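Trainee: Next comes the sequence, and after it the predicted model I'd like to discuss.
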Amino acid sequence: MKRLNVVLVSLALLCLMLPITAQPARETSTKAVTLTMGSWRTDDVEQMNRLLSEYKKIAPDVTIRFQPTNPPDYNATLRLQLDSNTGPDLMYARSYGAGLELFNAGYFADCTDIPGLMDNFSASNLAPWQTADGRMFAVPFAAVSHGVYYNKDIFRKEGLGIPNTWEDFLALCTTLKSRGYTPLANGLADEWDILETFFFGLLPNYVGTADQRVRYESGELKLNDRNFVAAYQAMADVAQFCPRGFESVTYNDSQVLFNSQRAVMFVDGSWTAGVYKDASFEWGIFAIPAPKGKHTAICFHPDMAITMNTKTKHPEEAKAFLAWLCTEQGATTASKNLPSGYFPMIKFPIKLENLHANEFLALNAGKETDARFVWPKLMHLYAPMNQAVIRVMKGQISAQAAADSVQALR
């Protein structure tokens, strides 16, 4: 009987020891997590995959899949995904009202408490993704600039210089056209680009920057005043210098025209700089010049931030990635892996290695800058203003009528 009791006690002890021995293995095992990231930057797949690969070195159990959407379709596609609970875990957030709308709808997470966010970005760089009561709905990621790409080889060959005023710019276009060149690569087929890159690029030269923009936003200044009429007239004046059949020229066509030297200049954003990295000619950038009597200003736009879905199944992993973007290491890694022409918004000094990216940034020196005009408060006028620009360039309406059509919807 004693031997039986000893055996029973031994078996009982053995049973108690088994789960204790197995427990550490369960505690140390990790579960791989896959996050998805939505974006409107279909051109950035290679670069973003490099960036996300760098993050994986820090968080080896987290894989982030970059899944961009065609740019014009991004807002509608993202909203559909979020409405149907199929939205990405992380996503690019538009600045100002477009992003705020999704935050107010409960889709974008409150990011205010993410470590480093409120300390490592300036107030002006936080503002485009901040609510009236100071809450943040995204982490600032990159700004972009607007300017005129030009073929330096042709300028040298023809003895041409960079124009200092808008009148000089039109004279330059006239000279190029008279010598058999297509001065400008811009077209109208995709619609968005003529508004965002060209019209919003030159608009601060006519209506002023932030201090004047807020007066238009409040209604103190009218959207059909003489400054706006002059800006629409500027668009009407350049139409003759665009490619033949420019009404049917797409954004991609414009890039090809400039890259193949079939157009001498292209008014566009800094985000296109990487497209011409293997160009067979030397090119550069200059600021869209202001008309005589006004100071040249730069459209330097807080373009994109990254946020997280309130319904993500992996909130801790998503938040950890956003926190990394708020560090000097994360911002530096991003600047090295993003396409040239995207500028970090964090406070830390980050050196850009690309010549043309630095050339774009140099345009800001000594000049006032502002975001694209409608983004902060007047986004509901984006489509009407876009159509006004297109119609005035097609010669269908006058500059005054273009301005009046937008003011009527104010």
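Mentor: Now that the structure is in, tell me what you want to look at.

Trainee: What separation do you get for residue 266 and residue 201?
Mentor: Distance of residue 266 to residue 201, computed by Cβ to Cβ, to the nearest Å: 11 Å. C-betas here are computed from N, CA, C, even on glycine.

Trainee: Show me the strands in the stretch 301-410 of the chain, by range?
Mentor: Using DSSP state E, counting those that start in this stretch, the strands assigned to the stretch 301-410 of the chain run over residues 369-370.

Trainee: Let me fix that, I meant to ask about the chain.
Mentor: Remark: strands assigned in the chain by DSSP state E are 33-39, 62-68, 90-93, 139-151, 265-269, 283-286, 298-308, 369-370.

Trainee: Between those strands, which one is closest to residue 348.
Mentor: strand 139-151 (12.6 Å; Cβ to Cβ).

Trainee: Send over the closest one as PDB, restricted to the C-alpha atoms.
Mentor: What follows is strand 139-151 as a C-alpha-only set of coordinates in PDB (Å, rounded to 0.1, in the frame of the first residue of the first chain):
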ATOM      1  CA  VAL A 139       0.800  61.800 -38.200                       C
ATOM      2  CA  PRO A 140       2.300  64.400 -40.700                       C
ATOM      3  CA  PHE A 141       4.300  62.500 -43.300                       C
ATOM      4  CA  ALA A 142       5.300  64.700 -46.300                       C
ATOM      5  CA  ALA A 143       4.900  68.000 -48.000                       C
ATOM      6  CA  VAL A 144       5.200  68.800 -51.700                       C
ATOM      7  CA  SER A 145       6.000  71.900 -53.700                       C
ATOM      8  CA  HIS A 146       4.900  73.300 -57.000                       C
ATOM      9  CA  GLY A 147       7.100  74.800 -59.800                       C
ATOM     10  CA  VAL A 148       8.100  74.900 -63.400                       C
ATOM     11  CA  TYR A 149      10.300  72.000 -64.800                       C
ATOM     12  CA  TYR A 150      12.400  73.200 -67.600                       C
ATOM     13  CA  ASN A 151      14.900  71.800 -70.100                       C
END
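
Trainee: That strand versus strand 298-308: what angle between them?
Mentor: Strand 139-151 runs at 140 degrees relative to strand 298-308, counting by axes from the mean of the first three to the mean of the last three Cα atoms, to 10 degrees.

Trainee: Distance check, the nearest residue to residue 389 once chain neighbours are set aside against residue 248.
Mentor: Counting by Cβ to Cβ, 6 or more residues apart in numbering, residue 389 lies nearest to residue 199, which is 4.9 Å off, once chain neighbours are set aside. Using Cβ to Cβ, we find residue 199 at a distance of 19 Å from residue 248.

Trainee: ok, residues contacting stretch 229-248?
Mentor: Stretch 229-248 is contacted by residues 166, 170, 173-174, 176-177, 182-189, 194, 198-199, 202-203, 205-207, 249, 253-254, 257, 262-263, 291, 388-389, 392-395, 398-400, 402-403 when judged by Cβ atoms under 8 Å, 6 or more residues apart in numbering.

Trainee: The nearest residue to residue 192 once chain neighbours are set aside: how many residues sit nearby?
Mentor: Leaving aside its chain neighbours, residue 192 sits nearest to residue 72 (6.1 Å; criterion: Cβ to Cβ, 6+ apart). Neighbour count of residue 72, defined by other Cβ atoms under 10 Å: 14.

Trainee: Look up how far residue 285 lies from residue 72.
Mentor: 25 Å.

Trainee: can you check residue 270 too?
Mentor: Distance of residue 270 to residue 285, given as Cβ to Cβ: 8 Å.

Trainee: Overlap in contacts, these two.
Mentor: 147, 360.

Trainee: which of the two has more neighbours?
Mentor: residue 270 (28 against 22).

Trainee: Can you flag the buried ones in the contacts of stretch 229-248?
Mentor: Buried by 16 or more other Cβ atoms under 10 Å: 166, 170, 173, 176, 182-189, 194, 198-199, 202-203, 205-207, 249, 253-254, 257, 263, 291, 388-389, 392-393, 399, 402-403, out of the contacts of stretch 229-248.

Trainee: From the centroid of the chain, which residue is nearest?
Mentor: Centroid check for the chain by Cα atoms, centre = their mean gives residue 303 as the closest residue, at 3.2 Å.

Trainee: Please list all residues in contact with the nearest residue to that one once chain neighbours are set aside.
Mentor: In this structure, residue 303 finds its nearest non-sequential neighbour in residue 144, 4.5 Å apart by Cβ to Cβ, 6+ apart. Applying Cβ under 8 Å, 6+ apart, we find residue 144 in contact with 269-271, 300-301, 303, 341-343.

Trainee: Beta-bridge partners for residue 144, please?
Mentor: residue 301 (DSSP bridges).

Trainee: how close does it sit to residue 156?
Mentor: Note on residue 144: its distance to residue 156, by Cβ to Cβ, is 28 Å.

Trainee: One more: residue 213?
Mentor: In this view, residue 213 and residue 156 are 38 Å apart by Cβ to Cβ.

Trainee: Counting neighbours, go ahead and name the busier of these two.
Mentor: The neighbour comparison of residue 213 against residue 156 (other Cβ under 10 Å) goes to residue 213, with 22 against 10.
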